[in-house]
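Novice: Using only what follows, build the 3D model:
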Amino acid sequence: MLLSACITAWAGAVQAQASSTAPPITRARLWQVVNTAQAQGFAGEVLVADADSVWFEQAVGLARRQPDVAHQPGAVWRWGSVSKQVTVTLAMQQVDAGRLALDDTLARRWPAFQAPGAAQITVRHLMQHTSGLAHTDDSPRDADGVWSFYRRKGPPWQPEALRFCAGPAKAVPGERFLYGDCDTLVLAGLLEQVTGQPLRQLLQQRLAKPLGLASLRLNEGRTRAMAVAMDAKGQPVPQPVMATYGAAGAMEGTARDLLTFNRALLAGRLVSASSRQAMWTGEPKWGYAGLGVWAFAAPIAGCAEPLDLVERRGYVGGIQARNIIVPARGISVVVFSNQADFDFGEIWQGKGLSHDVLAAALCASAQGAG
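Specialist: Now for the predicted structure:
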């Protein structure tokens, strides 16, 4: 779904709209949605905000057991695959600077990376998961079900990861959508080649420091996240080595810092309008995958028309994340949960927590919510 029309209409007016229009919600409606979800097994944090104010911020349930510790707003969370959205943003900054192009091939920009198809794999392929590179889920599973790729020893973790990703290809570049971590790990390696800086340094210099994201860090061996992932029976979920996810899933930070990242994207502080449009253009034949996100229109209960949405999900070691942007409204919805088995539902199917939060926050009537 191409979001260019709504982005263009919104871009020049969101600040005035956000500050002059009262949110069409009440805390009671969002509380009802979150309470219903908690009764269905949800535990975590929910944040809803516009360009300059937070509409709703609540944490419910337990972050860990024995001793029991309740979730609190402001906790550090694993961002999981939301890290991919951040990494793509860092790469698009290089596109804006003229140091990289979406149609550049790996062979041209990084000749030393000898993967099958490197002469055909483009930056766009890496961002949209159509590179055909090797897949980390093809590594053996340990006895507890975790893929051995994510139990590697280190540091450093990157060299071994890149050797794996340069292994036998899964598909011809550009012919299939195959979601996997190698695309983003290789994109990060390419970024380091182009900039001469490691990812952690790029993350701090290009995002964390300019935006004041005090919590945002790349896990390189020691987690700062508080929540313990639990299954439906309340038992801890088997854990990978978090740092092995690198650019594809090892970032950590608060919900507030993720909100600040979203606001900066919406306000044009991170990438150009053309780069943002490229990121937020979903391709129907790839399941509406954009660059680092999914972009699609979905009917929401109580809204007269479908909403254009930008969504990025995360799941690493049982911690779930949902980062949703509504460009035409300048709204962000950020949700984290440590309930590995909690079913968020599908927005486009009109059910589940993500849908119901959007309905309560943005639609005149949320009769279908809950």
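Novice: next SSE after the helix or strand bottoming out on mean pLDDT in the chain?
Specialist: One helix or strand of the chain scores below all others by mean pLDDT, DSSP states H and E: helix 14-20, with a mean of 35. Counting by DSSP states H and E, the element after helix 14-20 in chain order, helix or strand, is helix 27-39.
Novice: what's whatever helix or strand comes next after that following helix packed up against?
Specialist: Reading on from helix 27-39 to the C-terminus, the next helix or strand found by DSSP H and E is strand 44-49. If you count contacts as 3 or more Cβ pairs under 8 Å, 6 or more residues apart in numbering; DSSP states H and E, strand 44-49 packs onto helix 27-39, strand 54-60, helix 255-266, strand 331-337, helix 353-362. C-beta: built from backbone N, CA, C; applies to glycine.
Novice: Centre-most residue in the protein?
Specialist: V82 (2.1 Å; Cα atoms, centre = their mean).
Novice: my guess is that residue meets M251, correct?
Specialist: Yes: counting by Cβ atoms under 8 Å, V82 sits close enough to M251 to count as a contact (7.1 Å).
Novice: How about the contacts made by N35?
Specialist: Under the criterion of Cβ atoms under 8 Å, 6 or more residues apart in numbering, the contact list for N35 reads V60.
Novice: Distance of it relative to Q58?
Specialist: 10 Å (Cβ to Cβ, to the nearest Å).
Novice: Likewise for A247?
Specialist: Taking Cβ to Cβ, one finds A247 at 31 Å from Q58.
Novice: Over to L259?
Specialist: Counting by Cβ to Cβ, the gap from L259 to Q58 is 14 Å.
Novice: quick one, which of A247 and Q58 is more surrounded?
Specialist: A247 (30 against 17; other Cβ atoms under 10 Å).
Novice: The more buried one in helix, strand or coil?
Specialist: For A247, the assignment made with DSSP: H, G, I helix; E, B strand; the rest coil gives helix.
Novice: which ones are touching it?
Specialist: Here A247 is in contact with 83-84, 87, 184-185, 187-188, 199, 218 (criterion: Cβ under 8 Å, 6+ apart).
Novice: For stretch 155-168, could you pull out the residues that count as buried?
Specialist: Under the neighbour-count criterion of 16 or more other Cβ atoms under 10 Å, stretch 155-168 has 157-158, 161-162, 164-166 buried.
Novice: And for stretch 135-150?
Specialist: Those would be 135-136, 139, 146-147, 149-150, for stretch 135-150 by 16+ other Cβ under 10 Å.
Novice: how about the strands in the stretch 201-350 of the chain?
Specialist: 217-218, 251-254, 294-298, 307-316, 319-326, 331-337 (DSSP state E, counting those that start in this stretch).
Novice: Would you give the sheet partners of the fourth one, along with the direction of each?
Specialist: The one in question is strand 307-316. For strand 307-316, the paired strands and their directions (DSSP bridges) read strand 294-298 (antiparallel), strand 319-326 (antiparallel).
Novice: contacts for it?
Specialist: Contacts for strand 307-316 (Cβ under 8 Å, 6+ apart): 1, 3, 6, 78-85, 240, 242, 245, 249-250, 280, 290, 292-298, 300, 320-329, 347, 354, 358, 362.
Novice: at 6 Å what do you get?
Specialist: With Cβ atoms under 6 Å, 6 or more residues apart in numbering as the test, strand 307-316 has contacts from 3, 6, 78-82, 85, 245, 249, 280, 293-295, 297-298, 300, 321-326, 328.
Novice: which among the residues you listed end up buried?
Specialist: Buried, going by 16+ other Cβ under 10 Å: 3, 6, 78-82, 85, 245, 249, 280, 293-295, 297-298, 300, 321-326, 328, out of the contacts of strand 307-316.
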